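Undergrad: okay, structure incoming, though there's no sequence with it:
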């Protein structure tokens, strides 16, 4: 076989490899995009864990109706000290900035984070969010699905 055949084969194989890599980026996104998605997934999982831990700490269910058994924690640090079910992450996994937490009422609080990309899932729609700073307002007497 001639060197021209080998050169042509190498060119064709290189083109096919480049097309496959390009198609992979189209299907799953670039590594940078996937990295942002993973950080947003971690942020959302952290906020859900915070909400779940607060729910378990301050509310109890009486035949399908929730009642307060103790007041909401005043800060996330207080929640971390009082946590019983799991350890809660209090800060953003990428930036290290603390998550936002505000008590809004006797049974209502909000948790906040800065998201890189919007989430518009067909399941657990309560947890959908835009890109940028977003807060979820949660009532422990009528909590959203925590998954």
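TA: Cool, got the structure. The model shown is predicted, which means the values in this text are computed figures rather than measured ones.

Undergrad: contacts and neighbour counts: CA atoms only from here.
TA: Will do.

Undergrad: need the phi and psi values for the closest residue to residue 126 other than its chain neighbours.
TA: Spatially, and ignoring its direct neighbours in sequence, residue 126 is nearest to residue 144 (6.8 Å; Cα to Cα, 6 or more residues apart in numbering). Backbone torsions for residue 144, taken as degrees, to the nearest 10, come to phi -80, psi 170.

Undergrad: residue 144 and residue 137 touch, don't they?
TA: No - assessed by Cα atoms under 8 Å, residue 144 is found out of contact with residue 137, at 9.6 Å.

Undergrad: pretty sure residue 113 sits against residue 97.
TA: No - if you go by Cα under 8 Å, residue 113 and residue 97 don't touch, sitting 9.1 Å apart.

Undergrad: please tell me how far the residue nearest to residue 126 sits from residue 31.
TA: 32 Å (Cα to Cα, to the nearest Å).

Undergrad: the two: which has the busier surroundings?
TA: When residue 144 and residue 31 are compared for neighbours, residue 144 comes out ahead with 17 against 10, by other Cα atoms under 10 Å.

Undergrad: what separation do you get for the more buried one and residue 14?
TA: With Cα to Cα as the criterion, residue 144 and residue 14 are 51 Å apart.
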